[in-house]
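# Attaching a predicted model along with its sequence, questions to come.
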Amino acid sequence: MRKILTGIFILGISAAVVFGVTRAFFSDTETSKDNVLQAGALDLKIDNTCYYNGQACVPALGPDDQELGYSVWSDNPHRGNPEGERCTCTWKSKDLEPGDVFFDLHDLKPGDWEEDTISINVDNPSWLCADIKVTRDADNSCTEPEQAAVGGESGACVDPDGDGELAENLYFVFWKDDGDNVFEEGETEGILTEGTADNILGGAKWALADSSTRGGPIGPDTYYIGKFFCFGKIGLDPEPEGEGGPVGERGTGFTCDGKLVDNKPQTDSLEGDISFYAEQARHNEGFSCTGETPTPSASPTPPQACNNADVMLVLDRSGSIDSGELGTLKTAANSFVTTLALSPSGNHAGESSFADTGSLDQTLTDSSAAMNTAINALSSGGFTNLKEGIDFANTELASVRDRADGSSPDKMVIITDGNPNRPLPEGTADDVAKTSADTAKGAGVEIFVVGIGGDVNATYLTNDIASAGAGHYFSGANYTDLQTILDNLDLCD
């Protein structure tokens, strides 16, 4: 028994010795301390700088040059005095609060204009959408001059349930600016949308940066949007690139002419909300401002002879087109834009439209998203002024955005369901539209026409508006036929 216990004891001592020897081998220890996992943040902030008729809206300063928390017009003699003339359209980068408004103008006169540059700041790469919602478009009251302008009938100029005429006479341009409040020659390709307030405000959300646009997400660098409105007719007169100061020293890059505005908009008002929405781009490659997830598909390949054309869509938006037909028209037009496969070195497209008057809704661009935004913003109503629709398109095809016709031929695609009856007198509306078409064709523009329904004069559209030769006039029984016609339209020579 004693031997057995001794053996066990000796075994235990041996084990202890072995353990001690093992601890003496080479070794090393590295420790990573204070590891942290924390969610990131996405914070969208907006600032704005504005000029109204050349006056800058600037922060008001007190006796000690401390900001008082509001802004005043720069040439106001009471600058810095709390009783001075305040303005609301300039503020530093911040989260928007009640009272931060881009427009707060109550005494507009024809020829008035305002230029703003919005700075959008976000601290993580993000997609960005904008939405302008018109909350009130009112006729308000009827002055004696307004009553005379609508025919002199008492009460005829106020429609309690209808819209006023101000939105038809406010012309807007939105573009990608470099932050200096001036529309410059190098920014003509960056026009986001252009047209009267009733055509471009309150439509579909604008995709400033989503999976359908070029350039990828924004941030952390600042993204700038310039906007200019004119109570009247805008002229694009871009300033030379990067030559010094802002509006007060260089001009805006636009002209504003109010001579054609009559008395009908008197006392009318337009109100609305402007929203910006940012969503993270990382792990969110398919984001779309429309809320629709794009279906991956091969890019359409236009015919080789037509892969670098400048194409203007000219769309009828008169009152003969009901809401359902207008929706079908928009779908077909957007599909046609997709087929064009717009790109910087390929096809470019733009869009004008016509009802009582014409409007340029989208300048020539290589952005399908910009075209979709312009098309989706259309609303119908009024008469049929084909002449002005053609004129706006032809003017754009002769603008600084039109490329050399020898390598990028000019095309015009007109879609209408009626006969011209504006401008007045109605009896010559078709003649002046023909003259406009002849002017365009004389400048080298090839015109295609699609006539919808049984009310159109196919002979007139074929012989007087479309270019000569087969394949320039097409007819559809109704708007459901339009997409098939456009899908099979061959723009090639």
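Alright, I've got the coordinates. Residues are numbered from 1 along each chain as shown.
# May I ask which helix or strand encompasses the closest residue to residue 47 other than its chain neighbours?
If the residues on either side of it in the chain are set aside, residue 47 comes closest to residue 93, at 4.1 Å by C-beta to C-beta, 6 or more residues apart in numbering. The C-beta positions use only the backbone N, C-alpha and C, and glycine is treated the same way. Taking DSSP states H and E as the criterion, the element that holds residue 93 is strand 91-94.
# coming back round to it: right, and the residue nearest to residue 47 touches residue 122 too?
No: under the criterion of C-beta atoms under 8 Å, residue 93 lies out of contact with residue 122, with a separation of 10.6 Å.
# and the strand holding residue 93, which strands flank it?
Sheet pairing for strand 91-94, assigned by DSSP bridges, gives strand 44-52 (antiparallel).
# who's in contact with the partner strand?
With C-beta atoms under 8 Å, 6 or more residues apart in numbering as the contact definition, strand 44-52 has outside contacts at 56-57, 73, 87, 89-96, 100, 102, 105, 112-122, 126, 181, 246-248, 252, 276-278.
# Let's see that with 7 Å instead.
Contacting residues not belonging to strand 44-52 are listed as 57, 89-96, 102, 114-122, 181, 247, 276, 278 [C-beta atoms under 7 Å, 6 or more residues apart in numbering].
# The next helix or strand after it relative to strand 44-52, how many degrees between them?
Next helix or strand after strand 44-52 toward the C-terminus (DSSP H and E): strand 55-61. Orientation check (axes from the mean of the first three to the mean of the last three C-alpha atoms, to 10 degrees): strand 55-61 against strand 44-52 gives 120 degrees.
# List the buried residues in strand 55-61.
Residues 55, 56, 57, 58, 59, 60 are the ones in strand 55-61 that count as buried (16 or more other C-beta atoms under 10 Å).
# How many neighbouring residues does the closest residue to the first one other than its chain neighbours have?
When you say that, I think you mean residue 55. Closest residue to residue 55 apart from its sequence neighbours, by C-beta to C-beta, 6+ apart: residue 73 at 4.6 Å. Close neighbours of residue 73, defined as other C-beta atoms under 10 Å, add up to 19.
# Can you check the pLDDT for residue 73?
In the predicted model, residue 73 carries a pLDDT score of 79.
# Distance-wise, check it relative to residue 270.
Noted for residue 73: a distance of 21 Å to residue 270, by C-beta to C-beta, to the nearest Å.
# again, but for residue 287
31 Å.
# Ok, residue 423 next?
Spatial separation of residue 423 from residue 270 under the definition C-beta to C-beta is 25 Å.
# neighbour count winner among these two?
Between residue 423 and residue 270, residue 270 has the larger neighbour count (other C-beta under 10 Å), namely 21 against 18.
# hang on, the more buried one in a strand?
Yes: for residue 270, which was evaluated using DSSP: H, G, I helix; E, B strand; the rest coil, the result is membership in a strand.
# pretty sure it contacts residue 139?
No: in this structure, residue 270 is not within contact of residue 139 by C-beta atoms under 7 Å, at 11.0 Å.
# Overlap in contacts, the two.
Counting by C-beta under 7 Å, 6+ apart, residue 270 and residue 139 have no contacts in common.
# thinking again about what came up before, quick one: average confidence on the strand holding residue 93?
In this model, strand 91-94 has a mean pLDDT of 85.
# returning to that earlier point: if any of the contacts of strand 44-52 are buried, put those into a PyMOL selection.
Once 16+ other C-beta under 10 Å is used to decide burial, the buried members of the contacts of strand 44-52 can be selected in PyMOL as follows:
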select buried, resi 57+89+90+91+96+102+114+115+116+117+118+119+120+121+122+181+247+276+278
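# Pick out whichever of the buried residues of strand 55-61 sits closest to residue 327.
When the buried residues of strand 55-61 are compared for distance to residue 327 (C-beta to C-beta), residue 57 wins out at 40.2 Å.
# what's the angle from the helix or strand just after the strand holding residue 93 to strand 44-52?
In the C-terminal direction, the helix or strand that comes right after strand 91-94 (DSSP H and E) is strand 113-122. Note on geometry: by the same axes, to 10 degrees, strand 113-122 and strand 44-52 are set 160 degrees apart in direction.
# average pLDDT across strand 113-122?
What strand 113-122 shows for mean pLDDT is 91.
# Which strands or helices does it pack on?
strand 44-52, strand 223-231 (3 or more C-beta pairs under 7 Å, 6 or more residues apart in numbering; DSSP states H and E).
# What residues sit buried inside the very next helix or strand once past that strand?
The element immediately downstream of strand 113-122 (helix or strand, assigned by DSSP H and E) is strand 126-138. For strand 126-138, the buried set under the neighbour-count rule, 16+ other C-beta under 10 Å, comprises 126, 127, 128, 129, 130, 132, 134, 137, 138.
# List just the nearest of those residues to residue 145.
When the buried residues of strand 126-138 are compared for distance to residue 145 (C-beta to C-beta), residue 138 wins out at 18.1 Å.
# OK, contacts around that closest one?
164, 268, 269.
# Quick check: closest non-adjacent residue to the last one.
Leaving aside its sequence neighbours, residue 269 sits nearest to residue 138 (C-beta to C-beta, 6+ apart; 5.1 Å).
# Same question for the second one.
The spatial neighbour of residue 268 that comes closest, neighbours along the chain excluded (C-beta to C-beta, 6+ apart), is residue 164 at 3.0 Å.
# May I have the secondary structure class of the one you found?
Using three-state DSSP, the structure places residue 164 in coil.
# Quick check: it vs residue 100, distance?
Here the criterion is C-beta to C-beta. By it, residue 164 lies 25 Å from residue 100.
# Pick out whichever of these two has more residues nearby.
The residue with more neighbours, out of residue 164 and residue 100 and counting by other C-beta under 10 Å, is residue 164; that gives 24 against 15.
# Would you verify that residue 324 is located in a helix?
Yes: the secondary structure assignment for residue 324 places it in a helix, going by three-state DSSP.
# measure it to residue 415 for me?
Here the criterion is C-beta to C-beta. By it, residue 324 lies 16 Å from residue 415.
# and those two? which has more neighbours close in?
In terms of neighbours (other C-beta under 10 Å), residue 415 is the more surrounded of residue 324 and residue 415; the figures are 25 against 10.
# residues touching the more buried one, list them.
315, 316, 329, 450, 452, 482.
# Got a PyMOL select line for the buried ones in those?
Of the contacts of residue 415, the buried ones go into a single PyMOL selection, burial set by 16+ other C-beta under 10 Å:
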select buried, resi 315+316+329+450+452+482
